[in-house]
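Peer 1: Generate a structure from the sequence data that follows.
(4 chains)
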Protein chains: 2
Amino acid sequence: MTVAKATDQPDTRAAILDSAERLVQARGFNGFSYANVAAELGITKAALHYHFPGKAELGDALISRYAARFAEALALIDAARPSAFDRLAAYTELYSGVLEAQRMCLCGILAAEYETLPPAMHQAVVSFFDMNQAWLARLLEDGRARGTIRFTGGAKHAAQQIVGTLEGAMLVARLYADTARFQAVADRLLNEFDGRSRCTG
Amino acid sequence: MTVAKATDQPDTRAAILDSAERLVQARGFNGFSYANVAAELGITKAALHYHFPGKAELGDALISRYAARFAEALALIDAARPSAFDRLAAYTELYSGVLEAQRMCLCGILAAEYETLPPAMHQAVVSFFDMNQAWLARLLEDGRARGTIRFTGGAKHAAQQIVGTLEGAMLVARLYADTARFQAVADRLLNEFDGRSRCTG
DNA sequence: GTCTATAGGCAGATAGAC
DNA sequence: GTCTATCTGCCTATAGAC
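Peer 2: Have a look, this model is predicted:
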């Protein structure tokens, strides 16, 4: 049984991940260094290497944690069980929240740098998008069956459109430091998929 | 009057830009180096510094040339003067062409790296998106007036949605090395804005 | 677990010969 | 214009003391 040390940092490992995550979301994987993280935490680069032997391992841990947290958020949305449309709205708010913290989606920025990432990180990035698209596709099928969501064509393609739109809108909105710009696009997207009291096109 | 030197490289400066452009579109601004370009062209890094004193100047020249080429393409689309809908379709094909060359949009990838770019490059990236959104907003207004384009809300927001969707779809499609994935999203987008023989929602 | 110290490499950049 | 040679700085990473 471990004894809690109440006055300590929760955990050095977690603090490293927090700092690195923020840095990657702001500056990209090639835009931050062990020195940046060490300076932020007031420890040395060598201490980082104790917790994460190399940058690839750190990167992989970042994606794993981020994806797990995202999966949890999706599960919470499902658990609340509002209509499919409301779940889609909640999904866009996950993105809004990230952008409001002046960050880009971790996997969105890693997608941009994909070719230069350590190969060990490649699959994890792809899996993040697979997870999102699978969740959205289920939501869309459900919503179409119940009438709260409306769309034409395949659910997979529609899910790809949703992810692409939100990632792209984040990317561009950050340039203008304008979260309202993102919100306008998200609202347009929601409107497009809103099946409640709409013409069926 | 200059004399053509038929057997020469068209121009070292242009060759540098071509090489650097391809590298940035594949690997990002922080993912390529003077050494990469020099190796590709069979010259030395010092020669590069003669043409572009620093990486910031090279980056700025890259965006200028890219934006000018894009503006030309937009002008050509306008000159052919098909319907607004056909112009929008032609616009999405500009993106398809980039993706088929296994590249990401230059300014899309620079947007992801925005925080780490030399400040001298910032305005040029933003201007690229301003240009695109202004062109699209005009197209949308025109199309709505003539009935070939249909959309709700402001033209500016709709233009932002189009740019966001296409940039984001490129970003994700490249992960899967799947141009069909991009095409599916582009087709869905076109369908959404198609005002010809459609319910007005 | 965290430190000091340092290795080895590559980055962007410059000087000066040709 | 392009070269060789070199500088300085930062990067990731490791060894070994505490």
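
Peer 1: just checking, what packs against the host helix or strand of A:Ala184?
Peer 2: Of the helices and strands defined by DSSP states H and E, A:Ala184 is found in helix A:179-193. Packing contacts for helix A:179-193, counted by 3 or more CB pairs under 8 Å, 6 or more residues apart in numbering or on different chains; DSSP states H and E, involve helix A:84-100, helix A:155-175, helix B:155-175. For glycine as for every other residue, the C-beta is placed from the backbone atoms N, C-alpha and C.

Peer 1: Quick check: residues of chain A near DNA strand C?
Peer 2: By the criterion of CB under 7 Å from any atom of the strand, the positions of chain A lying close to DNA strand C are A:Thr12, A:Gly42, A:Ile43, A:Thr44, A:Lys45, A:Ala46, A:Ala47, A:Tyr50, A:His51.

Peer 1: What helices and strands are in contact with whichever helix in chain A runs longest?
Peer 2: Longest helix in chain A by number of residues, with DSSP state H as the criterion: helix A:119-146. Other elements packing on helix A:119-146 under the criterion 3+ CB pairs under 8 Å, 6+ apart are helix A:55-80, helix A:84-100, helix A:106-112, helix A:155-175, helix B:155-175.

Peer 1: what residues are up against the spatially most central residue of chain A?
Peer 2: Nearest residue to the geometric centre of chain A (CA atoms, centre = their mean): A:Cys105, 4.6 Å. With contact taken as CB atoms under 8 Å, 6 or more residues apart in numbering or on different chains, A:Cys105 is in contact with A:Gln25, A:Tyr95, A:Val98, A:Glu167, A:Met170.

Peer 1: Tell me who's in contact with A:Ala134.
Peer 2: By CB under 8 Å, 6+ apart, the contact list for A:Ala134 reads A:Ala159.

Peer 1: May I have the predicted confidence score for it?
Peer 2: At A:Ala134, the pLDDT value in this model is 98.

Peer 1: is any part of the helix or strand containing A:Ala39 close to chain B?
Peer 2: A:Ala39 belongs to helix A:34-41 when assigned by DSSP H and E. No. Against chain B, helix A:34-41 shows no contacts by CB under 8 Å from any CB of the partner chain, the least distance being 11.2 Å.

Peer 1: Which of the residues of chain A next to DNA strand C fall within helices?
Peer 2: With DSSP H as the criterion, helices contain A:Thr12, A:Lys45, A:Ala46, A:Ala47, A:Tyr50, A:His51 from among these.

Peer 1: List the contacts of the fourth one.
Peer 2: Right, the one you point to is A:Ala47. Neighbouring residues of A:Ala47 by CB under 8 Å, 6+ apart: A:Thr12, A:Ala38.

Peer 1: Stretch A:150-162 close to chain B?
Peer 2: Yes. Against chain B, stretch A:150-162 shows contacts by CB under 8 Å from any CB at A:Thr152, A:Gly153, A:Gly154, A:His157, A:Ala158, A:Gln160, A:Gln161.

Peer 1: separation between A:Glu167 and B:Ala38?
Peer 2: 34 Å (CB to CB, to the nearest Å).

Peer 1: What residue spans form the domains of chain A?
Peer 2: Residue ranges for each domain of chain A read A:1-53, A:62-196, as given by automatic domain parsing.

Peer 1: Of all those, which one comes closest to B:Arg81?
Peer 2: Comparison of those against B:Arg81 by CB to CB identifies domain A:62-196 as nearest, at 27.5 Å.

Peer 1: Can you give me the end-to-end span of the closest one?
Peer 2: Distances were taken as CA to CA, to the nearest Å; on that basis the terminal residues of domain A:62-196 are 39 Å apart.

Peer 1: what does stretch A:172-188 give?
Peer 2: The stretch stretch A:172-188 measures 16 Å between its terminal residues, going by CA to CA.

Peer 1: what comes up buried for it?
Peer 2: By 16 or more other CB atoms under 10 Å in any protein chain shown, the buried positions in stretch A:172-188 come out as A:Val172, A:Ala173, A:Arg174, A:Leu175, A:Arg181, A:Phe182, A:Gln183, A:Ala184, A:Val185, A:Ala186, A:Arg188.
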